[in-house]
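Engineer: I would like to see how this sequence folds:
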Amino acid sequence: MIKMESKAPAAPDSASKRTVQPAVIRALVFAISVFASCTGGLADVLSGRYVLPAQALEALFSVGVLGGKQIKGRFEKVKGEMVLNAKKPEASRVNVTVDLRSVKTGNDRVTGFLKSAAMFNVSKYPTARFESYSVRLTGKKTAKVEGYLTMRGARQRTSLDVHLQNTGNTRNIAIQAEGGFFRSLYGMDAGLPLYADKVRLQINGTGKRY
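Structural biologist: Here you go, the predicted structure:
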């Protein structure tokens, strides 16, 4: 049985008053800063110049197979740079370079085929590059990034849906990007239509402010 007493609490001594007031102030400052970061979206909190180091990024891809399981893989060497300007989004930009020689799947035969002249042709075109020409904010921490993907000597338009998240560290930003491309536009039409034309991409990682 719980007993409830109506006895008034003792008044705090002078020492407790000295500790309580700064604690309250710190709590208010923290609450205000969190509110500002949430309502301000990318402004100030996430704006800046970031390097996207290879060790902090992963690039995943998948290709549909008619009547079968998707082919999935990753690129182990991806790097880039990103500039975010929330007050002037048109000044933002994203550049990403993928080392196509670093492609990996769970099957050595498939990996070898992707590196061959019929697909990425890595001996002649070892890298692919994405360069943005438009960054449009679609939410407080989301953006539509449109740009050119250059691969196998061809340059085509594509887009990425990007989600940005403050990590709590003012020098880091978490990134999730999704997009894709049609491989036939780059001369990679082997296996169509059994293997889908659309290649889906997902890039996850951390940008480091500098």
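Engineer: right, and the helix or strand after the helix or strand bottoming out on mean pLDDT in the chain?
Structural biologist: Lowest on mean pLDDT, DSSP states H and E among the helices and strands of the chain sits helix 14-39, with a mean of 47. Per DSSP states H and E, helix 14-39 leads on to strand 48-52 as the next helix or strand towards the C-terminus.
Engineer: could you pull out the buried residues of the helix or strand following that following strand?
Structural biologist: Moving toward the C-terminus from strand 48-52, the next helix or strand (DSSP H and E) is strand 57-65. Residues of strand 57-65 classed as buried: 57, 59, 61, 62, 63 (neighbour count, 16 or more other CB atoms under 10 Å). Placement of C-beta: from N, CA and C, glycine included.
Engineer: run the chain-centre distance for whichever strand in the chain runs longest.
Structural biologist: What stands out as the longest strand in the chain, according to DSSP state E, is strand 195-209. Distance of strand 195-209 from the chain centroid (CA atoms, centre = their mean, to the nearest Å) equals 8 Å.
Engineer: which other helices and strands does that strand contact?
Structural biologist: If contacts are counted by 3 or more CB pairs under 8 Å, 6 or more residues apart in numbering; DSSP states H and E, strand 195-209 sits against strand 48-52, strand 57-65, strand 78-84, strand 172-182.
Engineer: mind checking those for the one nearest to residue 163?
Structural biologist: Closest approach to residue 163 among these is made by strand 172-182 (4.5 Å; CB to CB).
Engineer: tell me what angle the closest one forms with strand 57-65.
Structural biologist: Strand 172-182 runs at 30 degrees relative to strand 57-65, counting by axes from the mean of the first three to the mean of the last three CA atoms, to 10 degrees.
Engineer: quick check: residue 180 vs residue 199, distance?
Structural biologist: In this structure, residue 180 and residue 199 are 6 Å apart, going by CB to CB, to the nearest Å.
Engineer: let me fix that, I meant to ask about residue 178.
Structural biologist: Residue 178 is 12 Å from residue 199, by CB to CB.
Engineer: neighbour count for those two, which is higher?
Structural biologist: Per other CB atoms under 10 Å, whichever of residue 178 and residue 199 has more neighbours is residue 199, with 18 against 15.
Engineer: for residue 165, see how far away that one is.
Structural biologist: In this view, residue 199 and residue 165 are 26 Å apart by CB to CB.
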